[in-house]
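Colleague: Build the 3D model from these lines:
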Amino acid sequence: MGFFQRLFGICQTRPPGDAGCWSAADGKIEIILDRTPELSRPGGAIRLEGPPLPQRVLVVHGRGGDFHAFPNRCTHAGHRRLDPLPGEDKIRCCSIGQSVFDYQGQRISGSARDPLEPLPVEVKDGKLVIALP
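Modeller: Have a look, this model is predicted:
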């Protein structure tokens, strides 16, 4: 990620190509995995944002095959979005400070002072179900 991308908080993770692959209601997000090729392989990720979500969400397919979800907002003062680090089980803030977190939400490095709060995730009937706080 280049200097100007970090300066302006521009991340590499994009919304899913199929906007109809997910829905949010009753305190949870459901993602239809067959309609979300971005999550079909380890290292893949999508960002979800906008109504009806109360907050932006980052979803990552981890290297071990597990899925992880986080509020897509770094805990440092700028509250920038997050991106997965290619080839690692870590995510990084899209800012100059580049705070890095593990998939349990613990801060590894950078200017963030607080950990992230991972969102509970389960795979059920071909869907990824994420509980919202």
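Colleague: middle-most residue in the protein, spatially?
Modeller: Closest residue to the average C-alpha location of the chain: L58 at 1.7 Å, with C-alpha atoms, centre = their mean.
Colleague: what's the distance between that residue and D125?
Modeller: According to C-beta to C-beta, to the nearest Å, L58 and D125 sit 23 Å apart. All C-beta atoms are positioned from the backbone trio N, CA, C, and that covers glycine.
Colleague: next one: I29
Modeller: 15 Å.
Colleague: again with P71
Modeller: Relative to D125, and taking C-beta to C-beta, P71 is found at 25 Å.
Colleague: higher neighbour count, those two?
Modeller: P71 (21 against 8; other C-beta atoms under 10 Å).
Colleague: Apart from its neighbours in sequence, what residue is nearest the more buried one?
Modeller: With sequence-adjacent residues excluded and distances taken as C-beta to C-beta, 6 or more residues apart in numbering, P71 is closest to Q55, at 5.1 Å.
Colleague: For burial, what's the neighbour tally of that neighbour?
Modeller: Neighbours of Q55 (other C-beta under 10 Å): 12.
Colleague: And Q106, by the same measure?
Modeller: 12.
Colleague: in this structure, which spans are strands?
Modeller: According to DSSP state E, the chain carries its strands in the segments 22-25, 28-32, 45-48, 57-61, 67-71, 82-84, 90-93, 100-102, 107-109, 121-124, 127-131.
Colleague: need the ones you listed in JSON lines with mean pLDDT and distance to Q12, can you?
Modeller: Compiled in JSON lines, the strands of the chain are given as follows (pLDDT from 0 to 100; distance: least, C-beta to C-beta, whole Å):
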{"stretch": "strand 22-25", "mean pLDDT": "97", "distance to Q12": "19"}
{"stretch": "strand 28-32", "mean pLDDT": "98", "distance to Q12": "19"}
{"stretch": "strand 45-48", "mean pLDDT": "98", "distance to Q12": "9"}
{"stretch": "strand 57-61", "mean pLDDT": "97", "distance to Q12": "11"}
{"stretch": "strand 67-71", "mean pLDDT": "97", "distance to Q12": "16"}
{"stretch": "strand 82-84", "mean pLDDT": "92", "distance to Q12": "5"}
{"stretch": "strand 90-93", "mean pLDDT": "92", "distance to Q12": "10"}
{"stretch": "strand 100-102", "mean pLDDT": "95", "distance to Q12": "15"}
{"stretch": "strand 107-109", "mean pLDDT": "94", "distance to Q12": "19"}
{"stretch": "strand 121-124", "mean pLDDT": "97", "distance to Q12": "21"}
{"stretch": "strand 127-131", "mean pLDDT": "98", "distance to Q12": "21"}
